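A.B. asks: what follows is a predicted structure for the sequence shown.
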Amino acid sequence: MRRILIIDDDLEILRMLERILKKLDYDVVCASGMAQAHDALQASPMDAIVLDLIVGKDSGWQALTDIDQRYGTPVILMTGGNVDEDVRKDAQLLGAKDILQKPFTHESLAAALKAALP
């Protein structure tokens, strides 16, 4: 079973995504902050990460760079902000496999994960 780490400081979104991914037969680990996320990554390898662009006071852009350099795990970003072509290009340049604009559908999340996983 593929293991997915969800990182978001909004507990309601975190739990909703956890339910969705479990229904899609993923093993899900949740983190509400970057320290918790790094602990989870060090404890067990993840197949992919779903990362909010703002996690408390932490920048998802910086977290994306750190994750890519330290772990090499595929990352799908999510944001409540507007995702235009420049934002999409920036995300890809920093190593993101995809970026989803909230609210997004279950199908778009499933498709992004399927594309990101080897």
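C.D. replies: Nice, thanks for sending it over.

A.B. asks: what about the strands in the protein?
C.D. replies: For the chain, the strands defined by DSSP state E occupy 3-7, 27-31, 48-52, 54-55, 58-59, 75-79, 96-101.

A.B. asks: looking at those, which one has the lowest mean pLDDT?
C.D. replies: Ranked on mean pLDDT, the bottom entry among these is strand 58-59, at a mean of 87.

A.B. asks: name the strands paired with that strand and say parallel or antiparallel.
C.D. replies: Take DSSP bridges as the rule and strand 58-59 pairs in its sheet with strand 54-55 (antiparallel).

A.B. asks: how far off centre is the strand it pairs with?
C.D. replies: Its chain's average C-alpha position is 11 Å from that of strand 54-55, according to Cα atoms, centre = their mean, to the nearest Å.

A.B. asks: okay if I get the strands of the chain as CSV plus distance to P118 and mean neighbour count?
C.D. replies: Placement of C-beta: from N, CA and C, glycine included. Formatted as CSV, the strands of the chain follow (distance: least, Cβ to Cβ, whole Å; neighbours: other Cβ atoms under 10 Å):
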stretch, distance to P118, mean neighbour count
strand 3-7, 13, 24
strand 27-31, 16, 18
strand 48-52, 10, 25
strand 54-55, 26, 18
strand 58-59, 27, 16
strand 75-79, 14, 24
strand 96-101, 11, 20
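
A.B. asks: for these, give me CSV that also has distance to L21.
C.D. replies: Supplementary listing: those in CSV, determined by distance: least, Cβ to Cβ, whole Å:
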stretch, distance to L21
strand 3-7, 6
strand 27-31, 5
strand 48-52, 8
strand 54-55, 18
strand 58-59, 22
strand 75-79, 11
strand 96-101, 13
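
A.B. asks: measure D98 to L53 for me?
C.D. replies: For D98, the distance to L53 (Cβ to Cβ, to the nearest Å) stands at 13 Å.

A.B. asks: shared neighbours, these two?
C.D. replies: Common neighbours of D98 and L53, counting by Cβ atoms under 8 Å, 6 or more residues apart in numbering, are L77.

A.B. asks: in space, what's closest to D39 - neighbours in sequence excluded?
C.D. replies: Distances taken as Cβ to Cβ, 6 or more residues apart in numbering place A31 nearest to D39, at 7.8 Å, with adjacent residues excluded.
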